[in-house]
Each structure stands twice: as structure tokens, then as C-alpha cells.
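1. predicted model and sequence follow; I will ask about them next.
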Amino acid sequence: MTSDHAPRRVIGYARISRATDESTSIERQREVIHATCQTRGWALADIIEDVDVSATKTRLDRPGLARVRDVVAAGRADTVLVWRIDRVARSVADLASLTEEWAKAGVSLVSATEPFDMTTSAGRMLLQLLGVFAEFEAATIRDRVTAARAALVKAQRWPGGSAPYGYRIVDNPDGAGKALEVDPVEAAYVRKAADLVLDGKSVYYATNMLNEAGSVPRKAKAWSMTSLRIVLTQAAALGHMTHKGKVVTDADGAPARVWEPILPEEDVLRLRALLAPTRTPGGERKRRARLLSGLLRCSSCGGSMRVNRTGGNNPVTRYACHGRSDGTGCTRATSIVADRIEEHMTRTFLARVGKFEVVEARETVREVAELAATEAAIKSTTAALGEVEDEEREAELWADMRRFKARRRELLAMPDAPEVEYVSLGMTFAEAWESRDTDGRRDLLASAFQHIVIRPGVRGRRGIDPERVDIHWRD
């Protein structure tokens with residue numbers, strides 16, 4: 001706090017959601033903050049900014065605001081000065097939390113354009129009212145934006161944002177607004193990657209092809225396997241538009257084809273089946289964040305070991321058997337420090353096979369292609385039935401529909417029968433290891449190991465005892 005004669009120490013804060021909004025521009029906010037300090041004789045230390053940052057979306061988690069809070073916590077300011085209260089928070093709860101935090105530090109929040117005094121009950125009530133209006137204004141803006149976006153989607157116009165990979169934004173040929181058209185260069189990359197995967201190549205192989213060819217995804221410097229999976233399986237590749245996570249449909253309830261598709265429907269269906277994430281029996285997506293996830297087995301019960309963190313304030317990540325908690329009756333559940341077993345297996349793997357050429361195991365399911373084609377035929381026949389007027393043709397379509405559905409039942413009843421093909425990648429395991437990320441390295445290990453059995457260790461012993469590790473190599 002300042003003495004009676006020392007000038008008030010002020011830290012200014014300015015925020016704007018969009019840099020193009022002139023009515024609340026950063027420059028205007030800075031001018032008002034500077035003028036207020038000069039008029040009142042306050043010492044302005046700095047003005048900290050958050051540009052292109054929404055208070056509604058980020059709440060209080062903003063880089064600039066975090067710096068202001070650090071200044072307050074360090075006792076280097078007596079006042080936080082803003083142009084308007086809604087620059088700080090758009091929520092009554094957020095505003096109350098922030099002002100309470102600063103009040104405990106003896107710091108006042110002051111608006112240059114809205115008079116209130118936080119030291120009085122009337123001033124605090126006014127502050128809360130300003131917060132209510134800020135929250136209401138934010139909700140109104142959100143509703144208006146949502147309604148405008150929904151109207152664009154209904155009119156099948158591009159609602160804004162980055163175009164999906166394979167497309168570019170152009171003026172709407174049928175009226176106002178924007179639309180999408182196929183970008184011939186990007187679309188060619190998508191088709192090539194799809195052909196590689198459908199022909200049995202790995203997603204990793206297709207990802208390398210795109211990067212080596214000079215293709216660049218929308219929001220990264222290079223393709224990853226995850227970003228390629230999204231592009232190959234997303235609704236946009238079929239010419240469909242999504243709104244709030246759902247595909248926009250036409251009057252008949254079928255997906256509306258808003259722009260030219262890049263891939264045939266049967267190809268996208270096959271890709272979705274081939275690239276679907278591994279799921280647990282309960283339907284949750286498995287997290288494969290560690291190098292050996294899915295490869296380690298407990299010696300006592302044979303169950304898969306999963307990653308967990310233990311240790312309170314000094315947590316340690318381990319692979320552990322969960323047989324007891326899962327109810328499988330493991331009599332001596334084991335665990336092992338993740339970093340140590342990963343280092344040990346990396347050394348063991350490269351020492352044994354590092355100099356050999358990579359022969360990658362790739363699994364394909366022949367029924368996937370036929371099932372996808374059958375699903376596409378059912379959809380096509382359904383659409384044709386809605387338009388047919390000739391009775392004889394209608395009878396033929398109904399006969400086709402019965403035949404397609406019968407074949408679909410047969411395919412769904414068939415057990416999964418993966419076919420394994422071993423393909424050379426033209427590099428050694430050591431070279432491939434250096435060029436791959438964690439997912440890619442796990443694929444290399446899976447091509448060499450069936451699984452790795454971990455035996456219980458001796459309590460208190462550090463490091464990895466090789467006798468605990470039983471590696472089951474593939475032939």
C-alpha cells in the first residue's frame with residue numbers, strides 16, 4: 001500500500017476479443033487508462049493486454065490477466081485500472097472471485113468509465129450489477145452468434161473458420177456469403193493417402209508420404225497419424241457439413257451434400273472401419289500415452305498392465321496389474337516403474353533388431369470392405385425408393401433392399417478374421433526408431449514382441465532386474 005503522500009500505484013489491464021473491433025480497441029482502452037491516471041495523479045506502472053481473448057471462453061485463465069494477478073500478489077500495485085468492468089470478467093462469479101482475491105491483498109479494481117467505490121456496500125452492489133449486465137451482454141452475443149451460424153448452416157453456406165483440408169473458401173456462387181470448393185492439390189494428397197491405407201499401407205507410411213511430398217495440414221507444421229486419421233474419416237470428405245458436432249441433414253433426414261466430396265462414400269466407410277480407435281469392453285477409448293501400453297502382462301494372472309501414478313507429492317508413473325481391483329482374482333499383482341522398463345526395453349529391442357530391416361506387420365479384415373459397400377448400397381437404395389414412381393422399378397428396389405440387408409446380417413454375424421501381411425519399409429529398425437514418435441515406436445515394438453511378461457520385484461531394489469522381464473518375441 002502507498003503512504004498518504006505517495007501516488008497510487010496502478011497496473012492497467014486491457015482486453016479485446018477480436019483485434020478488428022474498433023469500438024473497444026486496445027489503443028482506445030490504453031488512451032482512457034493513461035488519461036485517467038494523469039487526471040487523478042496516479043503512477044501508472046504498466047498496461048498489460050490480452051488480445052484476441054474471450055473472457056466468456058477463457059473465464060479467468062488468460063495470459064495477460066495472470067500477469068496482473070502476479071503483480072497484485074507480489075504487492076507491486078494498489079489499483080487495477082480497466083476501461084470497463086467487462087474487460088476483466090463477463091461472469092458475476094468470476095468478477096466476485098477476482099475482486100475478493102484482490103481485496104484481500106488490499107488492492108482495488110477501478111473502472112475508468114464506470115463510477116463505483118468498492119469500500120462501501122453501495123459500491124460493491126453496483127459492481128455486482130455491472131457484472132450481471134456484463135454476463136447478460138455476453139449471453140446475448142453468444143445467442144446472436146449461434147443463431148447467425150445456424151442460419152448459414154441451414155442455407156448450406158460456409159459458416160466461417162478454417163476450411164477442412166482438401167477444400168478452399170470461395171465466394172458463394174448461389175448468393176451471398178462464402179462456400180467451399182475442392183482444392184485440387186490438397187484433394188489429390190487426400191486421395192493418395194486414402195488409396196495407400198486402403199491398399200494395406202500403414203497410416204504411418206501415408207503420413208510420411210504427405211510430409212515428404214510437402215503437404216502441410218491446417219494447424220500444424222507437419223502431418224501426424226492422428227491428424228491424417230481425422231482428415232480421412234471426417235464428414236467433410238463426403239461433402240457433408242457439421243454443426244455442433246452433428247452432420248447437417250436435408251428435409252428427408254439424410255446427410256446433406258453441401259459441396260463436392262473428395263472421397264467416395266464406400267472408401268470413407270472402409271477407412272472409418274479400418275482406423276476406428278481401439279475401445280475397451282465398456283466402450284471407452286483406450287489411452288495409449290506410454291511406449292509400452294498394451295504390451296506388458298502380469299506374470300501372476302496374465303492380465304494387461306495399465307499405467308497409473310502413485311506417490312502423493314512426488315508421484316511416480318508405473319505400469320501395474322489391476323487384477324485385484326478388476327475382480328479377476330490376481331494373487332500377486334505386480335508393478336514396475338514406467339521410465340525404467342521403457343529404457344530397458346528400448347535398449348534390448350535396438351540391441352537385438354536395430355540393424356535389421358523393418359518388416360512391419362499389418363492386419364486387414366477382408367469383410368470390412370464388403371460390409372462398407374453393403375451399407376452404402378442400402379443407403380443408396382433407400383434414397384432411390386423415396387423418388388421412384390414406377391411400380392415395377394419399386395418392386396425391384398425392395399428386392400434389392402431385402403438382399404442387401406440379408407447380406408449385411410451375414411457379414412455382421414461373421415467372426416473377425418484378421419489377415420496379417422508383413423511388408424518391408426526399406427529402413428532399419430534403428431533408423432525407423434529415430435524418426436518416429438511414441439505411437440510409431442510402439443508400432444515397431446508390437447511388430448517384434450507378442451507381449452512382455454513382468455514378474456514381481458524385490459522391494460527396495462533399484463533399477464531393472466532382467467530376470468523380472470520375460471520377452472515373448474515374434475517369429
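-> Yep, that arrived. Numbering: from 1, shown residues only.
2. please give the number of neighbouring residues around residue 232.
-> Residue 232 has 24 neighbours, counted by other CB atoms under 10 Å. Any C-beta I mention is one placed from the backbone N, CA and C, and that applies to glycine too.
3. which residues touch it?
-> 190, 193, 194, 197, 263, 268, 271, 275 (CB atoms under 8 Å, 6 or more residues apart in numbering).
4. quick check: mean pLDDT across the helix or strand hosting it?
-> For residue 232, the element it lies in under DSSP states H and E is helix 225-233. In this model, helix 225-233 has an average pLDDT of 88.
5. same deal with stretch 42-55?
-> Mean pLDDT, stretch 42-55: 87.
6. one more: stretch 275-295?
-> 60.
7. how long is that stretch from one end to the other?
-> Stretch 275-295 has an end-to-end distance of 20 Å (CA to CA, to the nearest Å).
8. so the closest residue in space to residue 263 that isn't next to it in sequence, which state does it fall into?
-> Nearest residue to residue 263, sequence neighbours excluded (CB to CB, 6 or more residues apart in numbering): residue 237, at 4.7 Å. Put simply, residue 237 is helix when judged by DSSP: H, G, I helix; E, B strand; the rest coil.
9. please verify my assumption that residue 237 contacts residue 269.
-> No - counting by CB atoms under 8 Å, residue 237 stays clear of residue 269, with 11.0 Å between them.
10. which one's more surrounded, those two?
-> More crowded of residue 237 and residue 269, by other CB under 10 Å: residue 237, with 26 against 22.
11. quick one, what contacts the more buried one?
-> Residue 237 is in contact with 164, 166, 190, 231, 261, 262, 263, 268, counting by CB under 8 Å, 6+ apart.
12. rebuild those residues as CSV, extending it with distance to residue 70 and neighbour count.
-> Formatted as CSV, these follow (distance: CB to CB, whole Å; neighbours: other CB atoms under 10 Å):
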residue, distance to residue 70, neighbour count
164, 40, 22
166, 44, 23
190, 46, 24
231, 41, 24
261, 51, 19
262, 48, 26
263, 50, 24
268, 49, 22
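13. wait, which of the residues you listed is closest to residue 104?
-> residue 164 (48.4 Å; CB to CB).
14. mind listing what that closest one touches?
-> The contact partners of residue 164, taken as CB under 8 Å, 6+ apart, are 180, 218, 231, 234, 236, 237.
15. before we move on, back to that, need the contacts of residue 237 in JSON lines (columns: distance to residue 448 and secondary structure).
-> Output for the contacts of residue 237, formatted as JSON lines (distance: CB to CB, whole Å; DSSP: H, G, I helix; E, B strand; the rest coil):
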{"residue": "164", "distance to residue 448": "37", "secondary structure": "coil"}
{"residue": "166", "distance to residue 448": "36", "secondary structure": "coil"}
{"residue": "190", "distance to residue 448": "32", "secondary structure": "helix"}
{"residue": "231", "distance to residue 448": "30", "secondary structure": "helix"}
{"residue": "261", "distance to residue 448": "40", "secondary structure": "coil"}
{"residue": "262", "distance to residue 448": "36", "secondary structure": "coil"}
{"residue": "263", "distance to residue 448": "34", "secondary structure": "coil"}
{"residue": "268", "distance to residue 448": "33", "secondary structure": "helix"}
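16. for those residues, which one is nearest residue 77?
-> Looking across these and measuring by CB to CB, the closest to residue 77 is residue 164, at 46.1 Å.
17. confidence score at that closest one?
-> Predicted confidence (pLDDT) for residue 164: 86.
18. okay, buried residues for stretch 41-48 please.
-> Applying a neighbour-count criterion of 16 or more other CB atoms under 10 Å, one finds 42, 44, 47, 48 buried in stretch 41-48.
19. my error: substitute stretch 102-111 in the last question.
-> For stretch 102-111, burial by neighbour count (16+ other CB under 10 Å) applies to 102, 107, 108, 109, 110, 111.
20. export these to TSV and tack on pLDDT and distance to residue 72?
-> Below are these laid out as TSV (pLDDT from 0 to 100; distance: CB to CB, whole Å):
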residue	pLDDT	distance to residue 72
102	85	6
107	87	5
108	82	10
109	85	10
110	85	13
111	84	16
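21. now those residues in a markdown table, with distance to residue 408?
-> Listed next are the buried residues of stretch 102-111 as a markdown table, based on distance: CB to CB, whole Å:
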| residue | distance to residue 408 |
| --- | --- |
| 102 | 64 |
| 107 | 68 |
| 108 | 70 |
| 109 | 64 |
| 110 | 69 |
| 111 | 65 |
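22. all helices of the stretch 151-300 of the chain, in order?
-> 184-198, 203-213, 225-233, 265-274 (DSSP state H, counting those that start in this stretch).
23. what segments of the stretch 351-475 of the chain are helices?
-> Remark: helices assigned in the stretch 351-475 of the chain by DSSP H, counting those that start in this stretch are 366-385, 391-413, 429-435, 438-448.
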